[in-house]
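Colleague: sharing a model that was predicted from the sequence below.
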Amino acid sequence: MTSLLPTQESLTVEFKSDRKKLSDRDLIEAITCLANTEGGELWLGVEDDGTPTGLHSDRSQVNYLVGLVAGRTAPPLSVQVETVTLDRISRASRFGQTDVSAEPFAESLFLTLANLLTTEPRPRNPCLADAMKRIGIVERSGRGIDSIYRGLLRFGRPAPDYSDTSNTGVVLRLATAEADLEFLRLVVQEENRQRKPLPIDSLIALATLRDAKRLSANELATLIQRTPAQARKTLEVLNELGLIQAHGANRSRNYTLAPSVYQATGNQAEYTRQVGFSNLQNEQLVLNYAAQHGQIKRSDVMELCRLTKDRASRLLQKLRDQGQLVQHGRLRATFYTLPPD
């Protein structure tokens with residue numbers, strides 16, 4: 001390590017002011033930018049013009065930076081930290097090329113295939129990105145991944161495939177399937193009605209339901225890389241908009257496209273087939289339970305089929321009216337059995 005302050009910034013030398021205490025986020029970002037190129041030195045406490053102004057008074061110890069950098073980067077970056085007194089300046093960190101040569105695509109926000117849709121966009125060099133935007137070389141800055149997803153999903157095409165991406169490069173595969181014009185019409189009509197684009201999570205949910213027919217909150221959570229609670233909220237919003245329909249209750253609640261959507265796309269038979277299959281499945285579950293345990297109550301049906309109290313009652317009444325179950329007792333003491341042979 002050299003203890004001499006470089007005269008100016010370069011591809012391997014970065015100056016960062018610490019007069020207002022540089023945030024950990026900005027510090028990690030600057031470190032990652034160096035690590036993803038040829039490595040180099042980050043001088044903390046130096047203005048952009050090379051004037052040394054020193055470390056912030058709260059940063060009396062700099063050894064913590066080793067753990068901070070390792071904990072905030074993936075794969076973890078190994079750094080050397082040294083305090084150098086030079087006209088009241090302290091050099092906080094240095095990054096050698098050998099530290100990052102094995103993992104050239106380290107990301108400061110743990111960017112992986114598992115959080116591709118949720119990690120906030122941050123350019124590796126914010127100043128350069130802003131300058132390019134201001135002089136008109138780029139139109140805007142933002143989430144290019146969102147644009148790719150939206151461009152494919154709105155037209156009913158498969159989602160972009162990043163599965164072959166590794167630490168040495170990003171591999172993106174785009175399907176060349178024909179556009180689903182009926183699906184596009186559905187999306188455009190809803191966006192026009194709301195006067196804003198549908199969220200990416202909603203597009204993923206609708207596209208998945210178009211292909212898989214049924215979807216639960218847990219399944220959607222995996223697809224949109226969010227928690228089940230957030231996925232459930234997305235589905236319930238679509239349910240309130242009339243784009244999808246909910247079936248069942250609690251943890252086994254699942255969703256299909258709404259009848260109006262199937263009708264708009266000219267596929268009413270598919271909705272009838274999906275809902276009909278679910279009803280037949282519930283009826284068989286109830287009859288099998290009664291055969292195995294001798295009787296069944298409404299609470300059993302609610303838990304077994306994940307139905308609301310009213311739907312469980314209607315199902316039992318339907319089976320009773322069809323002669324497949326016999327009712328015993330009244331009110332809370334009501335239970336059902338199979339008819340005698």
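Modeller: Okay, I see it.

Colleague: measure residue 116 to residue 162 for me?
Modeller: Here the distance between residue 116 and residue 162 works out to 6 Å (Cβ to Cβ, to the nearest Å). (Each C-beta comes from the backbone N, C-alpha and C, glycine too.)

Colleague: do the same with residue 31
Modeller: 25 Å.

Colleague: any chance you could map the strands in the chain?
Modeller: Using DSSP state E, the strands assigned to the chain run over residues 13-16, 40-44, 80-81, 93-95, 215-216, 244-247, 254-257, 326-328, 335-337.

Colleague: need the ones you listed in a markdown table with mean pLDDT and mean neighbour count, can you?
Modeller: Output for the strands of the chain, formatted as a markdown table (pLDDT from 0 to 100; neighbours: other Cβ atoms under 10 Å):
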| stretch | mean pLDDT | mean neighbour count |
| --- | --- | --- |
| strand 13-16 | 86 | 20 |
| strand 40-44 | 85 | 23 |
| strand 80-81 | 82 | 16 |
| strand 93-95 | 40 | 22 |
| strand 215-216 | 90 | 20 |
| strand 244-247 | 86 | 19 |
| strand 254-257 | 87 | 22 |
| strand 326-328 | 95 | 13 |
| strand 335-337 | 95 | 19 |
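
Colleague: how about TSV for these, with distance to residue 61 added?
Modeller: Shown next, in TSV, are the strands of the chain (distance: least, Cβ to Cβ, whole Å):
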stretch	distance to residue 61
strand 13-16	18
strand 40-44	13
strand 80-81	10
strand 93-95	13
strand 215-216	50
strand 244-247	55
strand 254-257	53
strand 326-328	76
strand 335-337	71
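
Colleague: what's the closest of those to residue 72?
Modeller: Nearest of the strands of the chain to residue 72, taken as Cβ to Cβ: strand 93-95 at 12.9 Å.

Colleague: now do the helices in the stretch 151-300 of the chain.
Modeller: Taking DSSP state H, counting those that start in this stretch, the helices of the stretch 151-300 of the chain run over residues 181-194, 200-212, 217-224, 228-240, 259-264, 268-293, 298-305.

Colleague: and the fifth one, average pLDDT?
Modeller: So the one you mean is helix 259-264. If you average the pLDDT over helix 259-264, you get 73.
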